[in-house]
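**Q** sharing a sequence plus its predicted fold:
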Amino acid sequence: MESVKTFPRGPKVKIGVDLDGTVSEYPEFFSFMTRALVSACARVHVITDRPIGTEWQVAKELEGYGVVWDEIVITGDKAGFIAREGVEVLFDDVDQYFEAVPQSVAVFKVRQHYNYDFEQGRWR
């Protein structure tokens, strides 16, 4: 039996992107990706666990990276936001944020020195 996940063709696909350890480590890729996604009618949510009230600083940092977005979300409860808002794809570098998201969310883990053992060639 085969199962294929398709995204709806009407409402915009909602993409969640972490800032620290994700966009900050691969700004050229995420600049390209977010521009392509927005051009293809996706909705990009930058979801970060930065301190509340730092949205303007986050916006300036994202602008410096050339990243485009629809919404900046500052929260310690990324999984809750993702579930409430129906985010369908998440890019992050920290396992704890993947563990509580709904099963329907496609997750992409960004490899870093603290989550991947480059000498052993395996995830930590």
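**A** Sure, I can see it.
**Q** give me the distance between the nearest residue to residue 19 once chain neighbours are set aside and residue 59.
**A** Distances taken as CB to CB, 6 or more residues apart in numbering place residue 48 nearest to residue 19, at 4.2 Å, with adjacent residues excluded. Backbone N, C-alpha and C define where each C-beta goes, glycine included. Separation of residue 48 from residue 59 (CB to CB, to the nearest Å) stands at 11 Å.
**Q** any common contacting residues for these two?
**A** residue 72 (CB atoms under 8 Å, 6 or more residues apart in numbering).
**Q** more crowded one of the two?
**A** Neighbour count, other CB atoms under 10 Å: between residue 48 and residue 59, residue 48 has more, with 25 against 14.
**Q** measure that one to residue 61 for me?
**A** Computed as CB to CB, the residue 48 to residue 61 distance reads 10 Å.
**Q** run the chain-centre distance for whichever strand or helix holds residue 28.
**A** Element membership of residue 28, judged by DSSP states H and E, is helix 27-39. Chain-centre distance of helix 27-39: 12 Å, with CA atoms, centre = their mean, to the nearest Å.
**Q** who does the helix or strand just after that helix pair up with?
**A** Once the chain leaves helix 27-39, the next helix or strand it forms, by DSSP H and E, is strand 43-48. In the sheet, strand 43-48 lines up against strand 14-17 (parallel), strand 71-74 (parallel) (DSSP bridges).
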